[in-house]
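# how would this look folded up:
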Amino acid sequence: MNLLAKAESFAEYIVTYFFRHSSGPIQPVRVARELSKVMLKNKQVSISNVYVPNLYTVYLHQNDYSVLESFGETFRVELAKHLYDEGREMGFTFLTPPLVEIKVGENISSGRLKIKGEFAHSLVVPWYIEEENNSDETEHLEKTTVLVNDVKKASSLESDLSRKRHYYLEIIKGNDLGKVYYLDQKEVTVGRNQDCDIKVNDMEVSRQHFRLVFKNNRWLVQDLGSTNGTYVNKLRVDRYLVNHGDKIRAGQTHFRFNIDK
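I've put the predicted structure just below:
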């Protein structure tokens, strides 16, 4: 049971009673609830997505900070995961998985808190990277113990899935307007280099500009350190899970990510 769950029953009583009648220390569950409010309050609606902040900074009085900081990194990670799960359940889009920071604020009374939500385009999220690495290691371990017959069954199933759903990029603006590229492998590199899976005729595109990675039945766009950046729906991104109809821009070339069912 995680830290927030352990504190839930006791904190419910504290939140409904203690906070109304005292200025005592802030409880973990209250922080989680206030973070959710900030996420909802700061959502931005685009044509195809509803974006919410991915960087949250919680400012506290020194006494409250000392108490919550004693929980360590685990607490901040659980808060971030709570936001991530809640946001995805509501259909919101994060520029990156969220990150929660806790700091001492100025002119904040004990028992009070202030939260700042921001949209950060280039944000390194250690907890998400660690989970992805663990997932990759587990997947690799499982692959090494699979029998030949199981491999054949998996290949057959994957083939069936590919027949039902086709993913492709369509150039909707640029020198190669109208070209369509089907994503028929789990990793596709896009750039000017001849070795790229999708070669783009655009001098503002880097040699290896971005790649698309298929994982957990979703496509992830990942910038490869390009000079001019990778944009999804006009937002510069490092990593982004794309949905049907999302527009990806590299240099002066605009792609649309499509799914045929």
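
# Now do the helices in the stretch 1-150 of the chain.
Counting by DSSP state H, counting those that start in this stretch, the stretch 1-150 of the chain has helices at residues 3-13, 19-21, 28-41, 62-69, 73-89, 126-144, 148-164.

# Which one of these has the poorest average confidence?
Among these, helix 19-21 carries the lowest mean pLDDT, at a mean of 34.

# How far does stretch 183-190 sit from its chain's centre?
When distances are taken as Cα atoms, centre = their mean, to the nearest Å, stretch 183-190 is centred 20 Å away from the chain's centroid.

# repeat for stretch 116-124
11 Å.

# Stretch 179-198 now?
On Cα atoms, centre = their mean, the centre of stretch 179-198 falls 23 Å from that of its chain.

# Mind listing what's buried along it?
Going by neighbour count (16 or more other Cβ atoms under 10 Å), the buried part of stretch 179-198 is 179, 181, 183, 188, 189, 190, 191, 192, 196, 198. For the C-beta atoms, the positions are set from N, CA and C on the backbone; glycine is no exception.

# Columns secondary structure on top of these, output as CSV?
Listed next are these as CSV, based on DSSP: H, G, I helix; E, B strand; the rest coil:
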residue, secondary structure
179, coil
181, strand
183, coil
188, strand
189, strand
190, strand
191, strand
192, coil
196, coil
198, strand
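
# of all those residues, which two lie farthest apart?
Pairwise distances among the buried residues of stretch 179-198 were taken by Cβ to Cβ; the largest, 19.1 Å, belongs to 183 and 192.

# Not counting its neighbours along the chain, what's nearest the residue nearest to the spatial centre of the chain?
In the chain, the C-alpha nearest the mean C-alpha coordinate belongs to residue 97, at 3.2 Å (Cα atoms, centre = their mean). With sequence-adjacent residues excluded and distances taken as Cβ to Cβ, 6 or more residues apart in numbering, residue 97 is closest to residue 128, at 4.1 Å.
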